[in-house]
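J.: Attaching a predicted model along with its sequence, questions to come.
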Amino acid sequence: MRWTRPQTWHLTLLFLGSVAPDRMAELASLIEDVAARTATYAAAADQGGGRSRRGEGVAWLGLSSGAADLIETATLTAERCPHGITDGPPPKRTPSAHLTVGRKADEAVIEALRAQACGALGVRWPVDRIQLVRSHLAPDGARYETLHEATL
């Protein structure tokens with residue numbers, strides 16, 4: 001089990017995959033457009049959960065506040081995403097509003113989060129920006145590089 005570091009916590013709107021460098025300006029424009037159409041909202045993640053699959057489990061906190069806003073923003077981003085922007089499969093909208101807090105989680109950890117066995121869970125913050133982020137995957141966890149940011 002590996003807990004994620006709070007400085008890496010984020011809410012994902014779209015999984016893009018590989019994008020050619022000459023298409024990055026289109027994505028920056030997309031982020032600006034979606035941010036201009038989205039109001040700041042409050043998010044709260046305090047419902048434990050996850051899934052465990054052959055040692056590749058993920059533990060998360062589900063959003064109890066702001067989930068509908070996140071999914072609406074993700075849908076708007078997916079709808080406005082330029083056609084053929086990736087070198088591979090098309091962009092995939094986030095399937096749920098959640099904050100990943102652990103990797104390689106087993107069923108015992110996931111159940112403890114669901115039951116809040118170690119006490120009440122809770123993270124609250126204002127959602128006030130959208131970032132275009134590149135993930136650099138490594139054995140000790142992902143490192144994220146912000147390529148563009150737009151304020152809501």
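T.: In hand now; what should we look at? Numbering: from 1, shown residues only.
J.: Do a quick rundown of the helices in the chain.
T.: Along the chain, the stretches classed as helices by DSSP state H are 24-36, 67-80, 107-115.
J.: Out of those, flag the one nearest residue 98.
T.: helix 67-80 (8.6 Å; C-beta to C-beta). (Glycine included, C-beta is placed from N, CA and C.)
J.: Need the residues that contact that closest one.
T.: 11-14, 30, 33-34, 37-38, 41, 43, 63, 91, 93-94, 96-97, 127, 130 (C-beta atoms under 8 Å, 6 or more residues apart in numbering).
J.: again, 7 Å this time
T.: With contact meaning C-beta atoms under 7 Å, 6 or more residues apart in numbering, helix 67-80 is reached by 11, 13-14, 30, 33-34, 37-38, 41, 63, 91, 93-94, 97.
J.: Would you write a PyMOL line that selects the buried entries of those?
T.: Here is the PyMOL command that selects the buried residues among the contacts of helix 67-80 (16 or more other C-beta atoms under 10 Å):
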select buried, resi 11+13+14+30+34+38+41+63+91+93+94+97
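J.: Can you add pLDDT and distance to residue 104 and give the contacts of helix 67-80 back as TSV?
T.: Output for these, formatted as TSV (pLDDT from 0 to 100; distance: C-beta to C-beta, whole Å):
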residue	pLDDT	distance to residue 104
11	93	21
13	94	25
14	94	24
30	96	33
33	97	37
34	97	33
37	97	37
38	97	33
41	97	32
63	94	23
91	90	26
93	88	25
94	83	21
97	90	22
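J.: helices and strands around the lowest-mean-pLDDT helix or strand in the chain, which ones?
T.: Least confident helix or strand of the chain, by mean pLDDT, DSSP states H and E, is strand 92-93 with a mean of 88. Identification of packing neighbours for strand 92-93 by 3 or more C-beta pairs under 7 Å, 6 or more residues apart in numbering; DSSP states H and E yields strand 14-15, helix 67-80.
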